[in-house]
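K.L.:
The following comprises the amino acid sequence and a computationally predicted model.
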Amino acid sequence: MLVKPRSNLHDPLPDGRTNPSVGLGNLYVVTSFDSEAFQIVDDDGEPIFVPRFLFDVIDDWIPGDWTRIVDNAGDWVLRCAPIVGA
């Protein structure tokens, strides 16, 4: 999945975060997501969770080896397959 930040990306969130390590003109590969957030690797090389409403989906393709995990409360996450040997 490929996403692009929306223009309001740097507006402060309720918790005060402003996502300064994510560039407005950049595209990001999603490494996992749930109903509320995408996990991307930011411009500093760190994996971070950012609210989904701050992005437009450019390509919604999800590899077939991704795993969906559901907890006892019914919350879910979809993430890429682990790297073998890592």
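P.N.:
Nice, I can see it.
K.L.:
low-scoring stretches of the chain, by residue?
P.N.:
82-86 (pLDDT under 70).
K.L.:
tell me the centre residue of this protein?
P.N.:
The chain has residue 38 as the residue nearest its centroid, 2.0 Å off, counting by CA atoms, centre = their mean.
K.L.:
Packing partners of the single longest strand found in the chain?
P.N.:
Counting by DSSP state E, the longest strand found in the chain is strand 28-34. Identification of packing neighbours for strand 28-34 by 3 or more CB pairs under 8 Å, 6 or more residues apart in numbering; DSSP states H and E yields strand 2-5, strand 37-41, strand 76-79. Placement of C-beta: from N, CA and C, glycine included.
K.L.:
Kindly calculate the angle that it makes with strand 37-41.
P.N.:
Using axes from the mean of the first three to the mean of the last three CA atoms, to 10 degrees, the inter-axis angle of strand 28-34 relative to strand 37-41 is 140 degrees.
K.L.:
chain center to strand 28-34: distance?
P.N.:
4 Å (CA atoms, centre = their mean, to the nearest Å).
K.L.:
One more: stretch 3-22?
P.N.:
12 Å.
K.L.:
Let me see the residues that make contact with the longest strand of the chain.
P.N.:
Here strand 28-34 makes contact (CB atoms under 8 Å, 6 or more residues apart in numbering) with 1-5, 22, 38-42, 47, 52, 55, 75-80.
K.L.:
Can you select the buried ones from those in ChimeraX?
P.N.:
Of the contacts of strand 28-34, the buried ones go into a single ChimeraX selection, burial set by 16 or more other CB atoms under 10 Å:
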select :1,3,5,22,38,39,40,42,55,80
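K.L.:
picking up where we left off before, find the nearest non-adjacent residue to the residue nearest to the centre of the chain, please.
P.N.:
residue 30 (4.8 Å; CB to CB, 6 or more residues apart in numbering).
K.L.:
try residue 77
P.N.:
Excluding the flanking residues, the one nearest residue 77 by CB to CB, 6+ apart is residue 34, at 4.5 Å.
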